[in-house]
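Colleague: predicted model follows, preceded by the sequence.
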Amino acid sequence: MSPASFAATEPPRLLLLCFAHAGGHTACFLNWQAQMPAGIRVLPVELPGHGRRLREGLQTDYARLVDGLTAQLAPEIEALQDQHPGLGYAAFGHSAGASFGFGVCARLAERLGEAPVHAFWSAGAPPHIPRPPRSRYSDAQLLEEARALAGTPTEVLDNAELMAFFLPILRADFAAFEGAGLDAERRLDCPFTLFAATRDRIPPEDIWAWQRHSSQGARRVLLDGDHFSVLYAPHALWSHVRQTLSEELTTC
């Protein structure tokens with residue numbers, strides 16, 4: 001991530017920070033830029049030990065993870081704001097990425113002196129809801145959890161070599177996610193859009209509970225699909241994000 005990555009025909013007016021699910025990385029947001037209105041720049045946030053940061057150590061501590069991401073993002077955003085006065089930011093997070101995104105945005109708001117203009121949280125429970133201790137599952141239990149979430153292709157799940165690589169990443173992300181209760185009392189001074197899925201194991205009521213963490217209210221959107229289809233077949237989700245960010249651009 002660097003300011004150079006934002007070169008485009010139109011100067012950015014709003015950044016969209018995107019946080020992937022546990023075990024995921026920024027590749028799941030590759031097609032997002034083309035779906036956004038002019039003036040929006042998509043900034044996928046890579047966790048250490050994932051994707052382009054694969055050589056770095058995995059982070060299992062929630063506070064260290066979100067503090068580290070904040071320390072990385074804040075100067076980049078400030079540099080872009082120097083180039084493009086009035087540049088704001090928004091955030092999207094899926095599953096565990098919703099908690100990571102919330103934690104980062106809460107800290108960015110303090111450091112930058114401004115909250116996001118909007119936050120989109122998808123298929124992930126808010127920090128005040130207790131999480132199962134999946135980081136302490138056996139490898140066999142963790143593999144079954146990955147199967148149940150239906151976000152990893154069967155041919156990958158059945159490949160022992162790939163699983164030996166993937167399960168430690170998933171376990172580390174779950175460990176960090178389980179620590180998000182640290183931010184159970186935090187709130188963001190921006191509106192939320194909350195996405196739940198009709199066939200997700202996470203009940204919509206848990207997703208709607210995010211409204212407790214916004215001082216400006218939350219809009220609820222129930223999408224047809226399971227835990228991951230709303231992210232990997234995201235046309236309905238994109239429609240809501242595009243419309244909301246287009247409205248935010250009119251006030252930037």
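Modeller: Here it is on my side, so go on.
Colleague: would you map the helices across the chain?
Modeller: Residue ranges of the helices in the chain, as given by DSSP state H, are 32-35, 62-83, 96-112, 139-149, 154-157, 160-178, 204-208, 229-232, 235-249.
Colleague: winner for burial among the ones you listed?
Modeller: For these, the largest average neighbour count (mean count of other Cβ atoms under 10 Å) is found in helix 96-112, namely a mean of 24. Where you see a C-beta, it was placed from the backbone N, CA and C, and this is true even at glycine.
Colleague: just checking, what packs against that helix?
Modeller: strand 14-19, strand 40-45, helix 62-83, strand 88-94, strand 119-122, helix 160-178 (3 or more Cβ pairs under 8 Å, 6 or more residues apart in numbering; DSSP states H and E).
Colleague: how about 6 Å then?
Modeller: With contacts taken as 3 or more Cβ pairs under 6 Å, 6 or more residues apart in numbering; DSSP states H and E, helix 96-112 sits against strand 14-19, helix 62-83, strand 88-94, helix 160-178.
Colleague: got the angle between that helix and strand 88-94?
Modeller: Angle, helix 96-112 to strand 88-94, by axes from the mean of the first three to the mean of the last three Cα atoms, to 10 degrees: 160 degrees.
Colleague: centre of the chain to helix 96-112, how far?
Modeller: Put simply, helix 96-112 sits 10 Å off its chain's centre (Cα atoms, centre = their mean, to the nearest Å).
Colleague: pull that helix out as PDB, backbone CA atoms only.
Modeller: Taking C-alpha atoms only, helix 96-112 is exported to PDB below (Å, rounded to 0.1, in the frame of the first residue of the first chain):
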ATOM      1  CA  ALA A  96     -13.500 -11.300  11.100                       C
ATOM      2  CA  GLY A  97     -12.500  -8.400   8.900                       C
ATOM      3  CA  ALA A  98     -15.400  -6.400  10.200                       C
ATOM      4  CA  SER A  99     -13.900  -6.500  13.700                       C
ATOM      5  CA  PHE A 100     -10.400  -5.700  12.400                       C
ATOM      6  CA  GLY A 101     -11.800  -2.900  10.300                       C
ATOM      7  CA  PHE A 102     -13.800  -1.500  13.200                       C
ATOM      8  CA  GLY A 103     -10.700  -1.600  15.500                       C
ATOM      9  CA  VAL A 104      -8.500   0.200  12.900                       C
ATOM     10  CA  CYS A 105     -11.100   2.800  12.100                       C
ATOM     11  CA  ALA A 106     -11.700   3.600  15.800                       C
ATOM     12  CA  ARG A 107      -7.900   4.200  16.100                       C
ATOM     13  CA  LEU A 108      -7.700   6.100  12.900                       C
ATOM     14  CA  ALA A 109     -10.500   8.400  14.000                       C
ATOM     15  CA  GLU A 110      -8.400   9.300  17.100                       C
ATOM     16  CA  ARG A 111      -5.100   9.700  15.200                       C
ATOM     17  CA  LEU A 112      -6.500  11.600  12.200                       C
END
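Colleague: sounds good, over and out.
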